[in-house]
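Visitor: Return atomic coordinates for the entry below.
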Amino acid sequence: MDTSIRAKLCYRLVLPACVVVNLGLGVALLGILHPPGSWLEWVELTSGVLCCTIAGGVASALVSRRYWGSAISRQVAAWRRIADAVFGWLEEAPVPPDAIRGLQRSVEEASAHER
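Guide: Down below sits the predicted model:
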């Protein structure tokens, strides 16, 4: 299986399922508890809080990854438009064709490296 497919599967199915399970466990544990009196009840309360904390952390990591991924995509699109404009100007300018091809090749290599 391709690594990008695995990553998409993990981020779109596995992690959200884990968030839901952890949140459900945390809410269930906290919901069935009465005020803690013994040390065992404190352990149950702590484990419920820990489950909710883990679910919140994973959910925030997912939101952050999605936000920064879209921000990077917008930046790449903007820089590609800028590069296209520069190449358009260079095609109109009296620059040797070999220099333009060399510049275009280096930009393509750099953009291929980013993917």
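
Visitor: Please make it C-alpha for all contacts and neighbour counts, starting now.
Guide: OK.

Visitor: Which residue, neighbours along the chain excluded, lies closest to residue 15?
Guide: Closest residue to residue 15 apart from its sequence neighbours, by C-alpha to C-alpha, 6 or more residues apart in numbering: residue 58 at 7.3 Å.

Visitor: Toward the C-terminus, what is the element adjacent to the helix or strand encompassing that neighbour?
Guide: In the assignment (DSSP states H and E), residue 58 maps to helix 39-92. Per DSSP H and E, the first helix or strand lying C-terminal to helix 39-92 is helix 97-114.

Visitor: quick revisit: so which other helices or strands are in contact with the helix holding residue 58?
Guide: When contacts are defined as 3 or more C-alpha pairs under 8 Å, 6 or more residues apart in numbering; DSSP states H and E, helix 39-92 packs onto helix 15-32, helix 97-114.

Visitor: correct me, but the residue nearest to residue 15 touches residue 19?
Guide: Yes - applying C-alpha atoms under 8 Å as the test, residue 58 and residue 19 come out as touching, 6.5 Å apart.

Visitor: Counting neighbours around each, name which of the two comes out higher.
Guide: The neighbour comparison of residue 58 against residue 19 (other C-alpha atoms under 10 Å) goes to residue 19, with 20 against 16.

Visitor: Can you tell me the SS state at residue 36?
Guide: Of the three states, residue 36 takes coil under DSSP: H, G, I helix; E, B strand; the rest coil.

Visitor: Could I get the pLDDT score of it?
Guide: Here the pLDDT value assigned to residue 36 is 71.
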